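J.: Prediction below, plus the sequence it came from.
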Amino acid sequence: MVDKRKDQGMSREEAGQKGGEATSASHGKEFYEDIGHKGGQESSGNFANDPERASEAGKKGGDATADSHSKEFYEDIGHKGGQESGGNFANDPERASEAGQKGGKNSHGGNRS
């Protein structure tokens with residue numbers, strides 16, 4: 001596809017950069033801080049301001065995912081996750097031993113007899 005704007009002497013990228021520079025020159029740092037702060041508070045995607053909406057969205061997403069995958073899919077990813085988990089000491093006995101020693105030293109009952 002041919003960029004028709006190039007025929008007029010300026011590419012889309014150049015026009016965007018020129019527009020961005022002009023906007024930046026006409027507004028100060030405070031302007032951008034203010035609109036960024038407002039956008040973060042009022043954003044429809046900001047669930048921190050609406051926990052009930054976040055819960056509803058999470059449930060919908062979970063239901064949609066569950067509807068699109070079989071029981072076998074979840075069994076398979078659970079099995080793979082258990083094998084590849086960084087917390088699975090069955091695959092690394094040396095690491096398990098180190099963790100046990102650290103845990104024993106850091107526990108309040110580390111000197112039990």
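T.: Arrived safely.
J.: helices or strands next to the helix or strand encompassing Glu94 in the packing?
T.: Following DSSP states H and E, one finds Glu94 within helix 93-106. On a contact count with 3 or more CB pairs under 8 Å, 6 or more residues apart in numbering; DSSP states H and E, helix 93-106 meets no helix or strand. Heads up, the C-betas are built off the backbone N, CA and C, glycines and all.
J.: how far is that helix from where the chain is centred?
T.: Averaged C-alpha coordinates place helix 93-106 at 31 Å from its chain's average position (CA atoms, centre = their mean, to the nearest Å).
J.: Over to stretch 72-81?
T.: The answer for stretch 72-81 is 22 Å, by CA atoms, centre = their mean.
J.: Return the set of buried residues in that stretch.
T.: By 16 or more other CB atoms under 10 Å, stretch 72-81 has no buried positions at all.
J.: mean confidence score for that stretch?
T.: For stretch 72-81, mean pLDDT rounds to 82.
J.: May I have that stretch exported as CSV, CA atoms only?
T.: Output of stretch 72-81 as CSV, limited to C-alpha atoms (Å, rounded to 0.1, in the frame of the first residue of the first chain):
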residue,chain,number,x,y,z
GLU,A,72,-7.4,-32.5,30.0
PHE,A,73,-5.9,-29.1,29.1
TYR,A,74,-5.8,-28.0,32.7
GLU,A,75,-4.5,-31.4,33.8
ASP,A,76,-1.7,-31.1,31.3
ILE,A,77,-0.6,-27.5,32.2
GLY,A,78,-0.8,-28.4,35.9
HIS,A,79,1.5,-31.4,35.3
LYS,A,80,3.9,-29.3,33.3
GLY,A,81,3.9,-26.5,35.8
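J.: Can you tell me, leaving aside adjacent residues, what's nearest to Ala99?
T.: Phe89 (6.8 Å; CB to CB, 6 or more residues apart in numbering).
J.: ok, the one you found - contacts?
T.: Counting by CB atoms under 8 Å, 6 or more residues apart in numbering, Phe89 makes contact with 95-96, 99.
J.: Just the buried ones from the residues you listed?
T.: By 16+ other CB under 10 Å, the contacts of Phe89 give no buried members at all.
J.: what's the closest of these to Glu56?
T.: Minimum distance to Glu56 across the contacts of Phe89 is 39.3 Å, recorded for Ala99 (CB to CB).
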